[in-house]
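A.B. asks: This is the structure alone, sequence omitted:
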């Protein structure tokens with residue numbers, strides 16, 4: 001069982017693009033990091049249905065993430081892991097959720 005103990009959100013605007021992000025800290029890490037005393041940062045990304053001129057279908061309803069979405073999620077996660085001291089956050093996971 002996991003325990004969420006911290007949550008916040010923020011809005012990023014670049015031109016007419018707006019990204020709503022939330023961050024949640026979970027008091028556990030993926031299995032490959034258990035017992036190492038280090039944390040993890042990961043991200044989930046989604047383009048909202050009306051983020052384009054014509055409505056997009058949510059990828060969750062299709063049951064499969066597109067390649068673009070997976071690459072954006074990886075980019076966000078890797079970028080944040082590069083600047084976060086994973087040992088200082090202890091065995092916790094920082095989840096970043098981004099909706100465009």
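C.D. replies: Everything's here; your move. This is a predicted model, so every value here is computed, not measured.

A.B. asks: element containing residue 81?
C.D. replies: helix 67-83 (DSSP states H and E).

A.B. asks: which residues make contact with that helix from outside it?
C.D. replies: Residues from elsewhere that reach helix 67-83, judged by Cβ atoms under 8 Å, 6 or more residues apart in numbering: 40-47, 59, 65, 94, 96, 98. Glycine gets a C-beta too; all of them are placed from N, C-alpha and C.

A.B. asks: Following that helix in sequence, what is the next regular element?
C.D. replies: Next helix or strand after helix 67-83 toward the C-terminus (DSSP H and E): strand 93-99.

A.B. asks: Let me see the mean pLDDT of that next one.
C.D. replies: Mean per-residue pLDDT for strand 93-99: 90.

A.B. asks: Pull the residues that contact that strand.
C.D. replies: Under the contact criterion Cβ under 8 Å, 6+ apart, strand 93-99 has outside partners 19-26, 28-30, 39-48, 76-77, 80, 84.

A.B. asks: Let's see that with 7 Å instead.
C.D. replies: 19-26, 28-29, 39-46, 48, 76, 80 (Cβ atoms under 7 Å, 6 or more residues apart in numbering).

A.B. asks: Filter those residues down to just the ones in helices.
C.D. replies: Among the contacts of strand 93-99, the members falling in helices (DSSP state H) are 76, 80.

A.B. asks: taking the contacts of strand 93-99 one by one, which sit in strands?
C.D. replies: Among the contacts of strand 93-99, the ones falling in strands (DSSP state E) are 19-26, 40-46.

A.B. asks: now residue 59: how far from residue 11?
C.D. replies: As defined by Cβ to Cβ, to the nearest Å, residue 59 lies at a distance of 22 Å from residue 11.

A.B. asks: higher neighbour count, the two?
C.D. replies: residue 59 (16 against 8; other Cβ atoms under 10 Å).

A.B. asks: Surely the more buried one touches residue 66?
C.D. replies: Yes. The pair residue 59 / residue 66 is scored as a contact, 6.0 Å apart, by Cβ atoms under 7 Å.

A.B. asks: and the closest residue to residue 87 other than its chain neighbours, what are its phi and psi?
C.D. replies: If the residues on either side of it in the chain are set aside, residue 87 comes closest to residue 38, at 5.3 Å by Cβ to Cβ, 6 or more residues apart in numbering. Per-residue torsions, residue 38: phi -110, psi 150 (degrees, to the nearest 10).
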